[in-house]
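Participant: sequence below, structure please.
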Amino acid sequence: MNVAIDIVSDLVCPWCFIGKRRLAQAMALVRAQQPAVRFQLNWLPYFLNPDTPPEGEPYRAFLEAKFGSAVEAAKVQLEVTEVGRESGVVFHLDRIATRPNTLRAHRLIYRAQSIGHRPEEIEALVERLFVAHFERGEDIGDIATLAAIAAECGEKADEVTAFLESGEGTQQVKSLVAKVGALGVTGVPFFIVQRRLGVSGAQTAEVLAAAILQGMQTPPGK
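Facilitator: Sure thing, here's the model as predicted:
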């Protein structure tokens, strides 16, 4: 049985990285019960901060403005780091210098999906982008950085560079963001099973697995 799962996320959202790992755990739980299941993942973009300048902004200043002080920002970072560790995510938030604008990174994922890359290749690209930002502190708003990441995932760096410099895919990504908003999604991560059942937040693997099993009981929506 094929099960469609739409994953709405932003690549600068730590809970989205945690949610991605938990989804993988949930799919393993479902496969243990339903060995014949096949998952069809579709990655949808979201902008947590659509007003982020194209060149990004200083990460520390952003956090302090968002949470009110350096002390409060540190508390939030500690919490997410501890939760991430439980899900196999090793956050190195101290390595992040720039909070990037994620439009280019979302365009890269859009490109991979639109030209028909294999699901495992797309998943590897998404994983590498999360790792780049949260574990390595790489600037995923930078074209050269994105081209290098894509090359690691089997792409041709020069083709990716040309794509990102051209602006191609920009309107398509923005249209997808608008479509997600029209569905009522106001926070990420957000999962849609069989295009019918929505699950908000980085839920546990068990909760996600239960939602998937529930969604499997009905045919997919449009």
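
Participant: quick one: residues contacting Ala209.
Facilitator: Ala26, Met27, Leu29, Val30 (CB atoms under 8 Å, 6 or more residues apart in numbering). Where C-beta positions appear, they are placed from N, C-alpha and C, glycine not excepted.

Participant: residues making contact with the lengthiest helix in the chain?
Facilitator: Identified as the longest helix of the chain according to DSSP state H is helix 14-33. Here helix 14-33 makes contact (CB under 8 Å, 6+ apart) with 3, 5, 7, 9-10, 37, 39, 80, 83-84, 87-89, 91, 93, 126-127, 130, 134, 188-189, 191, 201-209, 212-213.

Participant: picking up where we left off before, of the contacts of Ala209, closest to Glu64?
Facilitator: Nearest to Glu64 out of the contacts of Ala209 is Ala26 (CB to CB; 34.6 Å).

Participant: with adjacent residues omitted, what lies nearest to that closest one?
Facilitator: When the adjacent residues along the chain are set aside, Ala26 lies closest to Leu208, with 3.5 Å between them (CB to CB, 6 or more residues apart in numbering).

Participant: next one: Lys75
Facilitator: Phe67 (7.9 Å).

Participant: low-confidence regions, the chain specifically.
Facilitator: 221-222 (pLDDT under 70).

Participant: where along it do the strands fall?
Facilitator: 2-9, 38-45, 57-58, 98-99, 190-193, 197-200 (DSSP state E).

Participant: ranking those strands by burial, who's on top?
Facilitator: strand 190-193 (a mean of 23; mean count of other CB atoms under 10 Å).

Participant: now the helices: where do they sit in this protein?
Facilitator: Using DSSP H, helices in the chain cover 14-33, 59-67, 70-86, 103-114, 119-134, 143-152, 157-166, 170-182, 205-215.

Participant: so which bits of the longest one are buried?
Facilitator: For helix 14-33, the buried set under the neighbour-count rule, 16 or more other CB atoms under 10 Å, comprises 14-24, 26-27, 29-30.

Participant: between strand 38-45 and that helix, find me the angle.
Facilitator: 170 degrees (axes from the mean of the first three to the mean of the last three CA atoms, to 10 degrees).

Participant: now helix 14-33 against strand 2-9, angle please.
Facilitator: 170 degrees.

Participant: the shortest one now?
Facilitator: When the same axes, to 10 degrees is applied, the directions of helix 59-67 and strand 2-9 differ by 90 degrees.

Participant: cool, and the fourth one?
Facilitator: For the pair helix 103-114 and strand 2-9, the angle between their directions (the same axes, to 10 degrees) equals 170 degrees.

Participant: show me what helix 103-114 packs onto, helices and strands only.
Facilitator: strand 38-45, helix 119-134, helix 143-152, helix 157-166, helix 170-182 (3 or more CB pairs under 8 Å, 6 or more residues apart in numbering; DSSP states H and E).

Participant: make it 6 Å
Facilitator: Secondary-structure packing of helix 103-114 (3 or more CB pairs under 6 Å, 6 or more residues apart in numbering; DSSP states H and E): helix 119-134, helix 170-182.

Participant: which one of those helices lies closest to Tyr110?
Facilitator: helix 170-182 (5.3 Å).

Participant: centre of the chain to the closest one, how far?
Facilitator: Using CA atoms, centre = their mean, to the nearest Å, the mean C-alpha position of helix 170-182 is found 15 Å from that of the whole chain.

Participant: right, I'll call it a day here.
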